[in-house]
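S.K.: Show me how the following folds:
(3 chains)
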Amino acid sequence: MWNVDTPETLYFSAENTRYTTENGSFYDLDAIVRCVEEAETIALDTETTGLNKVKCVPLYWSLAFDEVRMTMHADILPLFDNAFRDPNKNWLFANAKFDVHMLSNVGIHLAGKWSDVQVMHALLYEDRPHRLKYIAEHILGWTWADFETQFGKIGKKQSAEDVIRKAENEDFDLLKEYAANDAWGTLLVYRELKRQLEGSFTHSLFSDKPPYINTLWDFFREVERPFTKVLWKMERRGIKVNRKTLEDAEPAAAAEIKQVEKDFVKLVGRPINIRSTPQLCEYFITDQKLEPLKMTGGGKSGDRKPSIDTNFLEHYKDRHQGALLVTRHRELSKLHGTYIVGLSSLMDGADRIHTSFNQDVARTGRLSSSEPNIQNIPRPENDKWNLRGAFITEPGWKVMAADYAQLEMRLLAAAAMEQPMIDIFLRGWDIHCGNAALMFNTPYEDIIGAKKLSKMVDDPDILEQFEAISPGVSERMEVSVAEYIKDCVFYRSAAKNIGFGLNYGMGSAKLANSLKCSREDAQDKINVYKETYPAVSRFFEEAVNEGRNYGYAFTVMGRRRNIPMILSNRRDERALGERLAVNTAIQGSAADVTRMAQINIDHMNWNRTHDVHMLLQVHDELVFEGPEDAVNELKSEVEVLMAHPFSVNLACPMEAEAGIGGSWGEAK
DNA sequence: TGTCCCGGCGCG
DNA sequence: AAAGCGCGCCGGGACA
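M.R.: Numbering: from 1, shown residues only, chains lettered A, B, ... in the order given. The predicted structure is shown next:
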């Protein structure tokens, strides 16, 4: 039995304007409308024709507030217009953006606050599922059958609308109860989660954490709750895709793929599916006797097979023609399947795609994006069809893309208070060259010069060119210029790989692999980095210690992540916990920074004042569209707002640069 | 025919 | 011996 009170479910529609309760008293709809107008905190859920954000509409909806739970037909939504327009309401949802899309599709907009219990739950219990049914069971010890179990599967045979129509005829009471449960559960869960959030004091490894965040409730109120609305606006607007680019690329890509498949079958001498890793394994390992480099996970059955991945194919590309063909095929079919075909199927009638920005998925506090995932569109250098160029805007308008420069590295420097590294940023240096210069006691200009000249070491006047960039270099060199350039390039590469890798807890084996040097050499370079940046080393240790003491990793704004495995008896689990302690502090803080920038930018109301709209977030990048003049006018303002996300400045400055063009690709 | 898991790989 | 963080999507293959 349920261990929560569930008051009787009221029901209203255009035809049913009076509800008589089991004990004979009754409620009139116009009185209920006034109650809703007076209530401050109201849970709302919709039962809809389907899951499509821009097409589907509510059939039924339910509300819960105070001790009232009720289900209504969608036909009386307009009666509640005063409540919907009230800016002081606090609307509660489970998956808020979806319900607001559904209401928006019938012309209703909610002016008040939108509190999403899934997002609240994710702040406290980021490693658990956040669907309402799970939350209710976890938080209240109460749950009810999910929609499909209750009413039947939604699929090709029957749409969500079909299923609801069927339930209407066959068991209307069940439908009413189900809908009311969703709103009632949302309300009860909200009350308890709010209490828990208020009792969760939080913490930050940054000594200059914004002072107005002391509990997770503060974080929710100041950051997550307003952010839901920002994301909704981005989803709602969508981004325009050039249909023709995709239509032209599709047959071209398909033809190239076919050709590679043919070539491969010819090479192998028998029918073989180039997409099948088991078949490739049989061919390369069993037939061709290539030595495996590493094994796969093995899965449920536990039979580990040699891995035929990029690393393997790269390793054998000069010795075996098949490796090249498979690599080529993988590149082409990835572009074709995931991006060309995948994106085409998700355009709306106006050729716009509306991704979902998921606020309760990534355990670090980052966003994720799905249907489509716009956060993994290929970079132009890996994409002959230039799909980023297919994200366009209207004639006379421009796309503006603004990127943070080395956001995570700057946050590391700020959190660690690593002054020499902060100085590199303050001077506007290339961070990897600067790190290399400090690590290897080499003038910054030498590293810069070597990077510029590495492709032309055979030029006869290479020394003069080097001297022009870095005066005095000829005297400093103790080896030939070609060797010195090679050394400097290696220094930068080592510094860059360590700079990125150490955030993830990369070990010497992996570093040796990417630097193509010995493990001892790699370990030596890591040691040099840690000696060069003692404050960063201390920060890593401190993050791990705090993880052990609190059981959590914390971001700059005080978001936290549970890392119980840091106290595990198993060495590998413990090591994972230690890596997460460091990485979450940095990656999660970067997520905080971008979020705050988005909230602050949204607050400027450029939608109304300039017709400029935020469209996408790709972790450290924001994409906008608007009339050309307006976008030009706001370019530097975007950069300033992104660089100053908090009311206090961190120890290391942040920097963002915006570009403008006819497409996302051009705006970079 | 549908569902799930897995290997593999795109992005930051 | 191993120990690179965070995501979502695709196609193959096993299974129902």
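S.K.: which residue packs closest to residue A:280, ignoring adjacent ones?
M.R.: Nearest residue to residue A:280, sequence neighbours excluded (Cβ to Cβ, 6 or more residues apart in numbering): residue A:308, at 4.5 Å. Where you see a C-beta, it was placed from the backbone N, CA and C, and this is true even at glycine.
S.K.: buried sites along the lowest-mean-pLDDT helix or strand in chain A?
M.R.: Lowest by mean pLDDT, DSSP states H and E among the helices and strands of chain A is helix A:147-151, with a mean of 84. By neighbour count on 16 or more other Cβ atoms under 10 Å, the buried set for helix A:147-151 is A:147, A:150-151.
S.K.: Identify the residues contacting the helix or strand following that helix?
M.R.: The helix or strand immediately downstream of helix A:147-151 is helix A:160-170, counting by DSSP states H and E. Helix A:160-170 is contacted by residues A:47-51, A:56, A:59-60, A:147, A:150-154, A:158, A:174-175 when judged by Cβ atoms under 8 Å, 6 or more residues apart in numbering.
S.K.: Could you do stretch A:397-406 as well?
M.R.: A:391-393, A:425, A:431, A:590, A:593-594, A:612, A:620-628, A:631-632, A:634-635, A:638-639, A:642, A:654-664, A:666-668.
S.K.: now stretch A:154-165: how far from the chain's centre is it?
M.R.: Offset of stretch A:154-165 from its chain centre (Cα atoms, centre = their mean, to the nearest Å): 31 Å.
S.K.: is DNA strand B contacted by it?
M.R.: Yes - using Cβ under 7 Å from any atom of the strand, stretch A:154-165 reaches DNA strand B at A:155-157.
S.K.: could I get the residues you listed as a markdown table with pLDDT and neighbour count?
M.R.: Below are the residues of stretch A:154-165 next to DNA strand B laid out as a markdown table (pLDDT from 0 to 100; neighbours: other Cβ atoms under 10 Å):
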| residue | pLDDT | neighbour count |
| --- | --- | --- |
| A:155 | 82 | 10 |
| A:156 | 80 | 6 |
| A:157 | 81 | 9 |
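S.K.: nearest to residue A:407, of those?
M.R.: Of all those, residue A:407 sits closest to residue A:155, with 42.3 Å by Cβ to Cβ.
S.K.: What helices and strands are in contact with the host helix or strand of residue A:451?
M.R.: If you go by DSSP H and E, residue A:451 is part of helix A:444-453. In terms of contacts (3 or more Cβ pairs under 8 Å, 6 or more residues apart in numbering; DSSP states H and E), helix A:444-453 is packed against helix A:431-439, helix A:462-469, helix A:473-476, helix A:481-503.
S.K.: try 6 Å this time
M.R.: The contact analysis (3 or more Cβ pairs under 6 Å, 6 or more residues apart in numbering; DSSP states H and E) places helix A:444-453 against helix A:431-439, helix A:462-469, helix A:481-503.
S.K.: Any chance of those in CSV with distance to DNA strand B and mean neighbour count as columns?
M.R.: Formatted as CSV, the helices and strands packed on helix A:444-453 follow (distance: least, Cβ to the nearest atom of the strand, whole Å; neighbours: other Cβ atoms under 10 Å):
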stretch, distance to DNA strand B, mean neighbour count
helix A:431-439, 15, 23
helix A:462-469, 29, 15
helix A:481-503, 9, 20
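S.K.: May I see those organised as a markdown table, with mean pLDDT added?
M.R.: Formatted as a markdown table, the helices and strands packed on helix A:444-453 follow (pLDDT from 0 to 100):
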| stretch | mean pLDDT |
| --- | --- |
| helix A:431-439 | 96 |
| helix A:462-469 | 94 |
| helix A:481-503 | 93 |
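S.K.: wait, what's in contact with the residue nearest to residue A:280?
M.R.: Applying Cβ atoms under 6 Å, 6 or more residues apart in numbering to residue A:308 gives the contacts A:277, A:280-281.
S.K.: Among those residues, find me the one that's closest to residue A:194.
M.R.: Distances from residue A:194 to those, taken by Cβ to Cβ, are shortest for residue A:277, at 48.2 Å.
S.K.: picking up where we left off before, which secondary structure state is assigned to the residue nearest to residue A:280?
M.R.: Per DSSP: H, G, I helix; E, B strand; the rest coil, the local secondary structure of residue A:308 is coil.
S.K.: Tell me where the stretch 251-400 of chain A is predicted with low confidence.
M.R.: A:299-301 (pLDDT under 70).
S.K.: who does the longest helix seen in chain A touch, helix- and strand-wise?
M.R.: Longest helix in chain A, counting residues (DSSP state H): helix A:571-603. Under the contact definition 3+ Cβ pairs under 6 Å, 6+ apart, helix A:571-603 sits against helix A:225-237, helix A:407-416, helix A:534-550, strand A:552-554, helix A:628-643.
S.K.: Dump these into CSV; add mean pLDDT and mean neighbour count as well.
M.R.: Rendered in CSV, the data for the helices and strands packed on helix A:571-603 read as follows (pLDDT from 0 to 100; neighbours: other Cβ under 10 Å):
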stretch, mean pLDDT, mean neighbour count
helix A:225-237, 98, 19
helix A:407-416, 96, 24
helix A:534-550, 95, 17
strand A:552-554, 95, 24
helix A:628-643, 98, 17
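S.K.: Reformat the ones you listed as a markdown table; add distance to residue A:126.
M.R.: A markdown table is the format used below for these (distance: least, Cβ to Cβ, whole Å):
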| stretch | distance to residue A:126 |
| --- | --- |
| helix A:225-237 | 16 |
| helix A:407-416 | 19 |
| helix A:534-550 | 15 |
| strand A:552-554 | 10 |
| helix A:628-643 | 26 |
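S.K.: Let me know which of these is the nearest to residue A:360.
M.R.: Taking these one by one with Cβ to Cβ, helix A:225-237 is closest: 10.0 Å.
S.K.: Just the closest residue of the stretch 501-650 of chain A to DNA strand B, please.
M.R.: Going by Cβ to the nearest atom of the strand, DNA strand B is nearest to residue A:619 of the stretch 501-650 of chain A, at 3.4 Å.
S.K.: Got the phi and psi for that residue?
M.R.: Backbone torsions of residue A:619, given as degrees, to the nearest 10, read phi 70, psi -60.
S.K.: One more: residue A:386?
M.R.: Residue torsions, per degrees, to the nearest 10, at residue A:386 are phi 50, psi 60.
S.K.: Quick check: it vs DNA strand B, distance?
M.R.: Distance from residue A:386 to DNA strand B, counting by Cβ to the nearest atom of the strand, to the nearest Å: 11 Å.
S.K.: What's the local residue count around that residue?
M.R.: Neighbourhood size, residue A:386 [other Cβ atoms under 10 Å]: 16.
S.K.: Equivalent analysis for the one 5 residues further on, please.
M.R.: Other residues near residue A:391 number 26, with proximity taken as other Cβ under 10 Å.
S.K.: Apart from its chain neighbours, what residue comes closest to it?
M.R.: Spatial nearest neighbour of residue A:391, excluding adjacent residues (Cβ to Cβ, 6+ apart): residue A:664 at 3.8 Å.
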